[in-house]
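1. heads up, no residue letters with this:
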C-alpha cells in the first residue's frame with residue numbers, strides 16, 4: 001500500500017553475511033569519512049566555482065542587448081513582476097530595488113529564442129512588453145505576458161535551463177546578471193536560516209546526516225519559494241532541480257492523464273524520490289492552496305554528499321535506522337559501514353513483495369505489511385523489516401539492554 005503516487009521506495013540489504021573482514025584497508029578511516037568535514041569544505045567551494053558543462057545562452061543573448069535607462073513606467077511593471085515571482089515576492093523594498101537597479105533591456109522579435117532547455121545561462125528575466133511561450137521537450141506548456149518572469153531556477157540552483165522560452169511577438173525583456181540575483185536572494189535566505197534548518201531536520205532521508213553536514217547545507221543554500229493556487233512547481237518528465245519541504249499550504253500530484261493523486265501538506269517533502277529512483281519527476285506537482293516551500297538544490301546536495309548522491313542519501317537514511325536497532329547499535333562502525341554499503345533501492349508496486357534473499361528492508365516512502373502466521377503488521381516510512389533470525393538476535397540484545 002502506498003500513499004504517494006510517483007515512486008515507492010524500500011531500501012534493502014541482501015546479505016546478512018556480507019560484512020566480511022572489517023579490518024581491510026579499503027574502508028579507510030570511518031570517522032573521517034562520515035564526520036570529518038574540514039577536507040570536504042574546500043572541495044565544496046571548488047564545486048560551486050566549476051564551469052558549466054553545457055553551452056551558455058549568453059553569447060547570443062548579448063546581440064539583443066539595448067543599452068537604455070530604466071524609466072519609471074517600466075520600473076513599475078518590473079517591480080510588480082518581481083513581487084509575483086516565487087523567490088522575490090518576500091523581498092523587502094531594498095532587495096527589490098537592488099535587482100531593478102542592475103537590470104538591462106533586451107529586445108526580441110517574434111520567433112527569437114531567449115533561452116534553451118538544457119543549456120546554462122546567467123540571466124533572470126522579467127517581461128516589460130510582448131508575449132513569450134514556454135516549451136518543455138518541444139511541447140508548449142505555458143505562456144508569459146508583461147510582468148511575467150523566468151530563468152531564476154538555473155541561477156539559484158546552479159543547473160541547466162529547465163525550459164525553452166521563445167518570443168511569439170515583439171518583446172521587451174529586462175534581465176539581471178545571475179551574480180546580482182543570487183547575492184540578493186542569499187541575503188534574504190540568511191534571515192530564515194534557523195527556521196529552514198528546522199524544516200531540513202524533518203526530511204527522513206537526512207536523518208543520518210551529521211549535524212555539521214546539515215549546518216553546511218543550511219548555510220550554503222536553502223531558498224524560500226512562494227506559489228499561488230494553480231501554479232506548477234515541478235513538471236513531469238524533467239529532472240528535479242531541488243528537494244522541497246512544504247512550509248505551508250497544500251499541493252497535489254497530477255498524472256499525465258490529468259488525474260489528481262495524493263496530497264502534500266506542511267512538513268511533507270517531495271522531489272527526492274525522483275533523485276533516488278527515476279532521475280526525472282514522474283508527475284506534475286501542482287499548488288492547491290497558496291503555499292510556501294523551502295528548497296535545497298540537487299547540485300548543493302551533491303556538493304555535500306558527492307556525485308553519487310542517490311547512494312549516499314540512501315546509506316545516510318539506513319544508517320539512522322540501523323543505529324536505533326539494539327543489534328546494529330553494538331556493531332563496530334567499520335562493520336556497520338560495510339553492511340550499509342550493501343543497501344540497494346527497490347521500488348515496490350502495491351501488492352509486491354521483497355526478494356527472497358532480503359534480510360533487512362526499510363520503508364523510505366509509502367507503507368507495507370509484514371505477514372507472519374496469518375497476522376499482518378503495518379510498517380510505514382522510517383520503520384523496517386528484519387528477517388526472523390535478525391529479529392531474534394535483536395530481541396535478545398534489546399531485552400538485555402533494557403534490564
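-> Everything's here; your move. Given the structure is predicted, the values throughout are model-derived calculations rather than measurements. Numbering: from 1, shown residues only.
2. From the opening residue of stretch 111-126 to its closing one, how far?
-> Using Cα to Cα, to the nearest Å, the end-to-end distance of stretch 111-126 comes to 18 Å.
3. what do you get for stretch 322-337?
-> Stretch 322-337 stretches 10 Å from its first residue to its last (Cα to Cα).
4. which residues of the stretch 51-200 of the chain score low on pLDDT?
-> 51-59, 192-193, 195-197, 199-200 (pLDDT under 70).
5. which stretches of it form strands?
-> For the stretch 51-200 of the chain, strands defined by DSSP state E, counting those that start in this stretch occupy the ranges 104-108, 113-115, 123-129, 132-136, 139-144, 149-150, 164-167, 171-177.
6. Identify whichever of the ones you listed lies nearest to residue 89.
-> Nearest to residue 89 among those is strand 149-150 (10.5 Å), distances taken as Cβ to Cβ. C-beta: built from backbone N, CA, C; applies to glycine.
7. got the residue ranges for the helices in the stretch 151-300 of the chain?
-> Here the stretch 151-300 of the chain has its helices, by DSSP state H, counting those that start in this stretch, at 152-156, 178-190, 193-200, 211-220, 272-273, 298-305.
8. Run through the neighbouring helices and strands of the longest one.
-> Secondary-structure packing of helix 178-190 (3 or more Cβ pairs under 8 Å, 6 or more residues apart in numbering; DSSP states H and E): helix 93-100, strand 123-129, helix 152-156, strand 222-227.
9. which residues sit in contact with residue 82?
-> Contact analysis of residue 82 by Cβ atoms under 8 Å, 6 or more residues apart in numbering lists 88-89, 91, 96, 99-100, 126, 149.
10. In a markdown table: the residues you listed, plus distance to residue 334 and neighbour count.
-> Shown next, in a markdown table, are the contacts of residue 82 (distance: Cβ to Cβ, whole Å; neighbours: other Cβ atoms under 10 Å):
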| residue | distance to residue 334 | neighbour count |
| --- | --- | --- |
| 88 | 48 | 23 |
| 89 | 49 | 16 |
| 91 | 48 | 19 |
| 96 | 53 | 17 |
| 99 | 51 | 23 |
| 100 | 56 | 17 |
| 126 | 54 | 28 |
| 149 | 51 | 20 |
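11. Export the helices and strands packed on helix 178-190 as JSON lines, with columns for distance to residue 66.
-> What follows is the helices and strands packed on helix 178-190, written out as JSON lines (distance: least, Cβ to Cβ, whole Å):
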{"stretch": "helix 93-100", "distance to residue 66": "17"}
{"stretch": "strand 123-129", "distance to residue 66": "11"}
{"stretch": "helix 152-156", "distance to residue 66": "22"}
{"stretch": "strand 222-227", "distance to residue 66": "31"}
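12. Figure out which of those is closest to residue 163.
-> helix 152-156 (8.9 Å).
13. which stretch among the strands of the stretch 51-200 of the chain comes nearest residue 310?
-> For the strands of the stretch 51-200 of the chain, proximity to residue 310 was assessed by Cβ to Cβ; strand 132-136 is nearest, at 23.4 Å.
14. Paired strands for that closest one, with orientation please.
-> Strand pairing for strand 132-136, using DSSP bridges, gives strand 139-144 (antiparallel), strand 164-167 (antiparallel).
15. ok now do the residue nearest the centre of the chain, which residues does it touch?
-> Nearest to the geometric centre of the chain sits residue 243, at 1.7 Å (Cα atoms, centre = their mean). Residue 243 makes contacts with 203, 269-272, 275, 295-296, 298, 301, as judged by Cβ under 8 Å, 6+ apart.
16. follow-up on the earlier one: return the most buried member of the strands paired with strand 132-136.
-> Ranked by mean neighbour count, these are led by strand 164-167 with a mean of 22 (mean count of other Cβ atoms under 10 Å).
17. where's that one relative to the chain centroid, distance-wise?
-> Centre-to-centre, strand 164-167 and its host chain are 25 Å apart (Cα atoms, centre = their mean, to the nearest Å).
18. ok, residues contacting it?
-> Contact partners of strand 164-167, identified using Cβ under 8 Å, 6+ apart, comprise 108-117, 125, 130-136, 138, 144, 150-151, 173.
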